[in-house]
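> Below is the structure, and that's it, no one-letter string:
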(Lines give C-alpha, C1' and ligand atoms only; values in the text may rest on other atoms or scores of the structure.)
Protein backbone atom coordinates (compact mmCIF):
# COMPACT_ATOMS: atom_id res chain seq x y z
CA UNK A 1 0.00 0.00 0.00
CA UNK A 2 2.51 2.61 1.14
CA UNK A 3 6.16 2.52 0.11
CA UNK A 4 7.25 4.92 2.81
CA UNK A 5 9.22 2.39 4.81
CA UNK A 6 10.33 0.14 1.96
CA UNK A 7 13.88 0.39 0.69
CA UNK A 8 14.48 1.15 -2.96
CA UNK A 9 16.14 -1.46 -5.10
CA UNK A 10 19.55 -0.81 -6.58
CA UNK A 11 17.97 -0.30 -10.00
CA UNK A 12 15.59 2.33 -8.65
CA UNK A 13 18.42 4.18 -6.92
CA UNK A 14 20.53 4.16 -10.09
CA UNK A 15 17.59 5.36 -12.20
CA UNK A 16 17.01 8.23 -9.78
CA UNK A 17 20.69 9.14 -9.86
CA UNK A 18 20.71 9.00 -13.67
CA UNK A 19 17.68 11.31 -13.84
CA UNK A 20 19.20 13.82 -11.43
CA UNK A 21 22.50 13.89 -13.33
CA UNK A 22 20.77 14.41 -16.68
CA UNK A 23 18.64 17.23 -15.27
CA UNK A 24 21.70 18.95 -13.79
CA UNK A 25 23.62 18.53 -17.06
CA UNK A 26 20.75 20.07 -19.01
CA UNK A 27 20.43 23.05 -16.67
CA UNK A 28 24.15 23.79 -16.56
CA UNK A 29 24.76 23.30 -20.31
CA UNK A 30 24.24 26.97 -21.14
CA UNK A 31 26.56 28.14 -18.40
CA UNK A 32 29.45 25.65 -18.36
CA UNK A 33 29.81 23.22 -21.27
CA UNK A 34 32.70 21.26 -19.73
CA UNK A 35 30.84 20.63 -16.47
CA UNK A 36 27.78 19.58 -18.46
CA UNK A 37 29.87 17.11 -20.46
CA UNK A 38 31.29 15.65 -17.24
CA UNK A 39 27.81 15.17 -15.81
CA UNK A 40 26.65 13.57 -19.06
CA UNK A 41 29.61 11.16 -18.98
CA UNK A 42 28.74 10.10 -15.43
CA UNK A 43 25.10 9.62 -16.43
CA UNK A 44 26.10 7.51 -19.46
CA UNK A 45 28.16 5.23 -17.18
CA UNK A 46 25.14 4.71 -14.94
CA UNK A 47 22.94 4.01 -17.96
CA UNK A 48 25.44 1.44 -19.25
CA UNK A 49 25.46 -0.25 -15.84
CA UNK A 50 21.65 -0.36 -15.80
CA UNK A 51 21.62 -1.94 -19.25
CA UNK A 52 24.20 -4.54 -18.15
CA UNK A 53 21.96 -5.39 -15.22
CA UNK A 54 19.06 -5.90 -17.67
CA UNK A 55 16.99 -3.40 -15.73
CA UNK A 56 13.33 -3.30 -16.70
CA UNK A 57 13.18 0.38 -15.68
CA UNK A 58 15.44 1.40 -18.56
CA UNK A 59 13.70 2.24 -21.78
CA UNK A 60 15.64 1.13 -24.85
CA UNK A 61 15.20 3.84 -27.45
CA UNK A 62 16.24 3.40 -31.03
CA UNK A 63 17.00 -0.27 -30.64
CA UNK A 64 15.13 -2.81 -32.70
CA UNK A 65 14.10 -6.17 -31.33
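Looks like it came in fine. Everything quoted here is computed from the prediction, not taken from an experiment.
> Would you tell me what helix or strand the most centrally placed residue in the chain is located in?
Nearest residue to the geometric centre of the chain (CA atoms, centre = their mean): residue 18, 1.8 Å. Counting by DSSP states H and E, the element that carries residue 18 is helix 10-28.
> where does this protein have low pLDDT?
1-3, 57-65 (pLDDT under 70).
> follow-up on the earlier one: show me what the helix holding residue 18 packs onto, helices and strands only.
helix 33-52 (3 or more CB pairs under 8 Å, 6 or more residues apart in numbering; DSSP states H and E). Backbone N, C-alpha and C define where each C-beta goes, glycine included.
> thinking again about what came up before, hmm, who's touching the helix holding residue 18?
Helix 10-28 has contacts (CB atoms under 8 Å, 6 or more residues apart in numbering) with 8, 35-37, 39-40, 42-43, 46-47, 49-50, 53, 55-58.
> List the buried residues for that helix?
Applying a neighbour-count criterion of 16 or more other CB atoms under 10 Å, one finds 11, 14, 15, 18, 21, 22, 24, 25, 28 buried in helix 10-28.
> Can you classify residue 6 by secondary structure?
coil (DSSP: H, G, I helix; E, B strand; the rest coil).
> Now do the phi/psi pair for it.
phi -90, psi 140 (degrees, to the nearest 10).
> Tell me who's in contact with it.
Residue 6 touches nothing, counting by CB under 8 Å, 6+ apart.
> What of residue 42?
So, once contact is read as CB under 8 Å, 6+ apart, residue 42 ends up touching residue 21.
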